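Peer 1: Mind looking at a prediction? Sequence and model below.
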Amino acid sequence: MIRADRVVTGIRELATLSVGPVPRIGPAMGELGLLPDAAIGVRAGRIAWVGPERALSRSVALRPGGPRIDLEGSCVVPGFVDPHTHLLFAGDRHDEVAAKLSGASYAEIASGGGGLYATVRATRRASEAELLGSAADRLSRMARWGTTTAEVKTGYALTRAGERRLLGLIPRLERRTGLRLVATYLAAHAVPPELRGRADAYLDGLVAELPAIARAGRARFCDIFCEPGFFTLEQSDRLLRAARSAGLGLKIHADEFVASGGAELAARLGARSADHLSAAPRSAFPALAAAGVTAVLLPVTPFSAMSDLRSPGRELVEAGVPVAVGTDLSPNSWVEGMPLALAHAVYRGHLTPAEAITAGTVNAAHALDLGGVAGQIAPGRDADLSAFKVRHAVEIPYRVGALPVAVYRRGRALFST
Ligand code: ZN
């Protein structure tokens, strides 16, 4: 008998994502490890047992008084892992929609001192309490949509001290919200306004800063915005090599607007992920596959930009690249719900609904170095679960913006109806 301190029953269909290698590539991306009429035993926040509900009573000894959570015929998937967010910011940019409607691009809006720079001004002015409060609100709504793990990037301070201040808020947010957070140092989000035209001088400072950032254990990854008007390929190469030497994992905002060599650079450096890729040349995909770089697709962002670009999900799967999907939550593209991103990955990125679930769970966990920890429902993993009132798990990305009925992190409800 396996001891448990709580059990979860009434699961119509459980998508365990526990079958096959991590990350999933090619046809394995569609394999959800489905188990009908399932139950789960949880001990100390971790999954102790998974199996058919009819085998529960002879397999699991529930401690006296331990809760039985009845999900009443819901379908359960692993808590979503959002592998790419910019959720730590102040203010909003609703006024930018008019500029977008008149045809202005992200880079054009930023070059006029607006866009990202408007958020930088607001973030620099904001108190720690304001930043923590607004980010915690976003995280609690993300949990309401089924997310239990999220990456959080810095990048709206654009000073060395300000970026360290943002990094310092991330563990506090984790304690406040109960979600698992992974910090990414994105001081190279843009060139600071006061250093315009002096990107290399700014990068000199960041390169010098990286060993201390890594030693302090505050960031797991380093990221850079490699795009014309922001940082060049050479600058991205330089910062990411220094980050790798310092012991940080590598991420890159690659080929979001134009093909600028970011995907190829990610492959050459063996980055953990190359993110966006909506303008990446198809010729770069075999190199991503060979290097095992995860493609993190952010399919809501071109939608919010009113752009005709699309996430090349189908093409990446067919090239054998592991594909993950995230929200890219930011004041430029304000989307908090992973089910919305997964629906876009299906309808614009042409993933199948099953592939989209893989992309938002096990492969997204891999993109954060959390493969084997998050994104799967299997013994030993944290009991992070999202329950939806649908007939089959694959309906979650098919319905645009499906809402869970309950979300659990380490077996405890972050949210429940
Ligand atoms: Zn981003």
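Peer 2: In hand now; what should we look at?
Peer 1: which helices and strands sit right next to the lowest-mean-pLDDT helix or strand in the chain?
Peer 2: Lowest by mean pLDDT, DSSP states H and E among the helices and strands of the chain is helix 106-111, with a mean of 84. Helix 106-111 is packed against helix 96-101, with contacts defined by 3 or more CB pairs under 8 Å, 6 or more residues apart in numbering; DSSP states H and E. Using the backbone N, CA and C atoms, a C-beta is placed for each residue, glycine as well.
Peer 1: Assign a three-state SS to Asp137, would you?
Peer 2: Here Asp137 is helix, with the state taken from DSSP: H, G, I helix; E, B strand; the rest coil.
Peer 1: Then Tyr185?
Peer 2: Applying three-state DSSP to Tyr185 yields a three-state assignment of strand.
Peer 1: distance of it from Tyr156?
Peer 2: Tyr185 sits 13 Å away from Tyr156, going by CB to CB, to the nearest Å.
Peer 1: now do Arg238
Peer 2: Counting by CB to CB, the gap from Arg238 to Tyr156 is 23 Å.
Peer 1: what about these two, which has more around it?
Peer 2: Higher neighbour count among Arg238 and Tyr156: Tyr156, with 29 against 18, using other CB atoms under 10 Å.
Peer 1: residues in contact with that one?
Peer 2: Residues near Tyr156 by CB atoms under 8 Å, 6 or more residues apart in numbering: 86, 88-90, 116, 119-120, 123, 166, 189.
Peer 1: Which one among these sits at the bottom for pLDDT?
Peer 2: pLDDT across the contacts of Tyr156 is lowest for Leu116, at 92.
Peer 1: Do I have it right that Ala387 meets Ala413?
Peer 2: No. Counting by CB atoms under 8 Å, Ala387 does not reach Ala413; the two are 10.1 Å apart.
Peer 1: More neighbours: which of those two?
Peer 2: Each of Ala387 and Ala413 has its neighbours counted (other CB under 10 Å); Ala387 has more, 26 against 14.
Peer 1: Let me know the secondary structure of that one.
Peer 2: At Ala387 the chain is in strand, as set by three-state DSSP.
Peer 1: what's the pLDDT at the closest residue to it other than its chain neighbours?
Peer 2: Closest residue to Ala387 apart from its sequence neighbours, by CB to CB, 6 or more residues apart in numbering: Ser74 at 4.0 Å. What the model reports for Ser74 is a pLDDT of 98.
Peer 1: Helices along the stretch 301-417 of the chain, start to end?
Peer 2: Assigned by DSSP state H, counting those that start in this stretch, the helices in the stretch 301-417 of the chain fall at 313-318, 338-347, 353-359, 362-367, 395-398.
Peer 1: of those, which approaches Leu181 most closely?
Peer 2: helix 362-367 (13.2 Å; CB to CB).
Peer 1: CA atoms of that closest one as PDB?
Peer 2: Extracted C-alpha coordinates of helix 362-367, given in PDB (Å, rounded to 0.1, in the frame of the first residue of the first chain):
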ATOM      1  CA  VAL A 362       6.100  18.900 -20.300                       C
ATOM      2  CA  ASN A 363       7.900  20.700 -23.100                       C
ATOM      3  CA  ALA A 364       7.400  24.100 -21.400                       C
ATOM      4  CA  ALA A 365       8.900  22.600 -18.200                       C
ATOM      5  CA  HIS A 366      11.900  21.400 -20.200                       C
ATOM      6  CA  ALA A 367      12.300  25.000 -21.600                       C
END
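Peer 1: Give me the distance from that helix to the chain's centre.
Peer 2: Relative to its chain's centre, helix 362-367 lies at 8 Å (CA atoms, centre = their mean, to the nearest Å).
Peer 1: Need the contact partners of that helix.
Peer 2: Under the criterion CB under 8 Å, 6+ apart, residues 17, 22-24, 29, 78, 80-84, 149, 151, 272-273, 294, 296, 322-326, 371, 373-376 lie in contact with helix 362-367.
Peer 1: and it, average pLDDT?
Peer 2: 98.
Peer 1: Check the gap between Ala413 and His366 for me.
Peer 2: Going from Ala413 to His366 by CB to CB gives 26 Å.
Peer 1: cool, Ala356 as well?
Peer 2: For Ala356 relative to His366 (CB to CB), the value is 15 Å.
Peer 1: Who has more neighbours out of the two?
Peer 2: Ala356 (31 against 26).
Peer 1: Hmm, Pro397 and that one touching each other?
Peer 2: Yes. Shown here, Ala356 and Pro397 form a contact pair, counting by CB under 8 Å, at 4.0 Å.
Peer 1: Give me the common contacts of those two.
Peer 2: Residues touching both Ala356 and Pro397 (CB under 8 Å, 6+ apart) are 342-343, 345-346.
Peer 1: now these in TSV, with distance to Pro228, neighbour count and pLDDT?
Peer 2: Below are the shared contacts of Ala356 and Pro397 laid out as TSV (distance: CB to CB, whole Å; neighbours: other CB atoms under 10 Å; pLDDT from 0 to 100):
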residue	distance to Pro228	neighbour count	pLDDT
Leu342	30	31	98
Ala343	30	24	98
Ala345	26	31	98
Val346	30	23	98
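Peer 1: of all these, which comes closest to Leu316?
Peer 2: Nearest to Leu316 among the shared contacts of Ala356 and Pro397 is Ala345, at 10.7 Å by CB to CB.
Peer 1: Pull the contacting residues for that closest one.
Peer 2: Taking CB under 8 Å, 6+ apart, we find Ala345 in contact with 297, 299, 311, 313, 325, 351, 355-356, 359-360, 397.
Peer 1: For the residues you listed, give me CSV that also has distance to Leu179.
Peer 2: Shown next, in CSV, are the contacts of Ala345 (distance: CB to CB, whole Å):
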residue, distance to Leu179
Leu297, 21
Pro299, 22
Ser311, 25
Gly313, 26
Val325, 18
Leu351, 25
Glu355, 24
Ala356, 21
Ala359, 19
Gly360, 15
Pro397, 21
